[in-house]
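> I'd like to go over a predicted model; first the sequence, then the structure.
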Amino acid sequence: MYPSRFRYEAPRSLDEAISTLRDGGDYAKVLAGGQSLVPLMKLRFASPELVVDINNVPGLDYHRAEPDGTLRIGALCRHADLERSGLLKTTQPTMASAAPLIADPIVRNRGTLVGSLCHADPQGDWASVVLALGGSVVARGSRGTRTIPLADFVTGPFQNVLDPDEIAVEAVIPAAQGDRSGGYLKLERRVGDFATVGVAVALETSGGKVTRAGIALTGVGGSTIGATEAAQALTGQSLTAETIEQAAELAAQAARPRTDHRGSAEYKRHMVRTFVLRLLSRGPAAQTGAAETAERAA
Ligand SMILES: Cc1cc2nc3c(=O)[nH]c(=O)nc-3n(C[C@H](O)[C@H](O)[C@H](O)COP(=O)(O)OP(=O)(O)OC[C@H]3O[C@@H](n4cnc5c(N)ncnc54)[C@H](O)[C@@H]3O)c2cc1C
């Protein structure tokens with residue numbers, strides 16, 4: 001199918017993009033990688049009157065660490081940039097393990113992390129990763145700039161809090177306060193597919209104890225789920241078989257899966273539990289023996 005008729009603008013600065021959106025009325029859409037918006041327009045699930053393509057706006061294609069360790073990912077940083085990033089491999093284990101699992105190489109060459117957060121697909125992988133890491137989105141519009149924690153940014157399936165004239169300019173991952181570990185595991189029917197179940201775990205540890213934990217779930221609810229009770233159960237604790245099992249159980253309870261063609265709700269909940277056990281028990285912070293005990297419990 002072809003999209004319905006729309007006006008296309010490709011501004012050359014952020015200010016121009018914002019004023020184009022402001023003057024464009026209520027049903028304008030930003031185009032970044034186009035890997036979600038264009039299919040939706042072709043299927044006529046989305047029929048914006050105005051499409052504002054930000055690909056000509058310079059200076060948005062970065063990802064970089066600040067001196068204090070804060071990571072900033074610009075609105076035109078592609079999934080493929082993150083997949084190939086040496087910075088992520090050495091400093092961001094959860095992001096580095098998720099990056100190669102997003103879609104397929106063609107989609108990864110165009111699609112963006114920030115676009116994925118804005119799209120707010122319950123099966124989008126980056127939202128879980130950024131939520132687990134305590135990240136936020138920086139939005140700029142005609143009323144200025146604001147920083148929105150990801151937990152408040154996504155309000156439901158395919159919904160975010162951006163005003164019609166706001167552009168998400170970057171995602172921000174706060175610096176770790178201890179040693180960072182974690183990962184992302186995804187159950188998919190075939191390589192390149194959306195998640196049947198995805199689990200992101202991000203840990204910071206110091207002196208053998210967890211100083212900060214984040215656990216977030218993909219594809220098992222109406223939107224990305226932060227398993228906050230599971231994460232809280234780990235904070236201040238050592239990673240023993242008992243604390244790992246408790247966190248896995250609480251994360252499984254936080255999931256809200258539905259039975260569909262990808263599997264039963266019970267199976268998906270079981271996979272959440274199994275993935276949390278695996279991610280926590282394989283990390284460098286896990287105590288000796290925790291891995292074996294936790295795997296037996298899966
Ligand atoms: C075949 C296929 C398989 C896929 N598989 C996966 C997968 O396994 N996992 C996964 O997570 N994703 C998957 N995706 C989605 C892909 O990751 C998209 O790249 C991503 O969801 C959207 O990023 P984008 O840059 O392409 O955004 P676009 O398609 O350009 O935009 C998506 C939405 O976000 C808005 N938007 C984008 N950028 C901004 C911005 N800077 N400010 C304000 N609004 C903005 C747009 O207006 C639009 O509503 C898949 C897509 C395809 C086509």
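Good, I have the coordinates. Numbers count the residues shown, from 1 in each chain.
> Mind checking if stretch 101-112 is in reach of the ligand?
Yes. Legend: contact between stretch 101-112 and the ligand by Cβ under 6 Å from any ligand atom is shown at 102-103, 107, 111-112. (Glycine included, C-beta is placed from N, CA and C.)
> For the residue in the stretch 151-298 of the chain that the ligand sits nearest to, which three-state class applies?
For the stretch 151-298 of the chain and the ligand, the shortest gap (Cβ to the nearest ligand atom) falls at residue 168, measuring 3.7 Å. Under DSSP: H, G, I helix; E, B strand; the rest coil, the three-state class of residue 168 is strand.
> Check residue 270 too.
Residue 270 ends up helix, using three-state DSSP.
> Okay, it and residue 190: tell me how far apart.
As judged by Cβ to Cβ, to the nearest Å, residue 270 and residue 190 stand 20 Å apart.
> Settle it for me: which of those two has more neighbours?
Ranked by neighbour count (other Cβ atoms under 10 Å), residue 270 and residue 190 place residue 270 first, with 17 against 5.
> which one is that one nearest to, not counting chain neighbours?
residue 252 (7.3 Å; Cβ to Cβ, 6 or more residues apart in numbering).
> Now do the contacts for the one you found.
Residues counted as contacts of residue 252 (Cβ atoms under 8 Å, 6 or more residues apart in numbering) are 269-270, 272-273, 276.
> Relative to residue 263, how far out is it?
In this view, residue 252 and residue 263 are 14 Å apart by Cβ to Cβ.
> re the thing from before, now tabulate the residues of stretch 101-112 next to the ligand in a markdown table and tack on pLDDT and neighbour count.
Listed next are those as a markdown table, based on pLDDT from 0 to 100; neighbours: other Cβ atoms under 10 Å:
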| residue | pLDDT | neighbour count |
| --- | --- | --- |
| 102 | 97 | 27 |
| 103 | 96 | 18 |
| 107 | 97 | 17 |
| 111 | 98 | 21 |
| 112 | 98 | 29 |
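> just checking, which of these belong to helices?
Counted as lying in helices by DSSP state H, out of those, are residue 107.
> Max pairwise distance over the residues of stretch 101-112 next to the ligand: which two?
Taking Cβ to Cβ as the measure, the residues of stretch 101-112 next to the ligand span a maximum distance of 11.9 Å, between 103 and 112.
> where do the contact lists of these two overlap?
By Cβ under 8 Å, 6+ apart, the residues touching both residue 103 and residue 112 are residue 79.
> Just the helices from the stretch 51-200 of the chain, written as ranges.
According to DSSP state H, counting those that start in this stretch, the stretch 51-200 of the chain carries its helices in the segments 79-83, 86-91, 93-98, 105-110, 113-119, 125-132, 150-153.
> Isn't the residue of the stretch 151-298 of the chain closest to the ligand up against residue 154?
No. The criterion here is Cβ atoms under 8 Å, and residue 168 misses it with residue 154 at 11.6 Å.
> the more surrounded of the two?
residue 154 (26 against 23).
> which non-adjacent residue is nearest the more buried one?
Residue 154 sits nearest to residue 120 (Cβ to Cβ, 6+ apart), 4.6 Å away.
> Can you list phi and psi of that neighbour for me?
Main-chain dihedrals, residue 120, degrees, to the nearest 10: phi 60, psi 40.
> Pull the contacting residues for residue 60.
14, 54, 74-77, 169-170.
> Look up how far the ligand lies from it.
Here residue 60 is placed at a distance of 8 Å from the ligand (Cβ to the nearest ligand atom, to the nearest Å).
> So what's the residue count around residue 26?
By other Cβ under 10 Å, the residues close to residue 26 number 8.
> Residue 269 touches residue 257, doesn't it?
Yes. Counting by Cβ under 8 Å, residue 269 does reach residue 257; the two are 5.7 Å apart.
> more neighbours, these two?
Using other Cβ under 10 Å as the criterion, residue 269 and residue 257 rank with residue 257 on top: 24 against 21.
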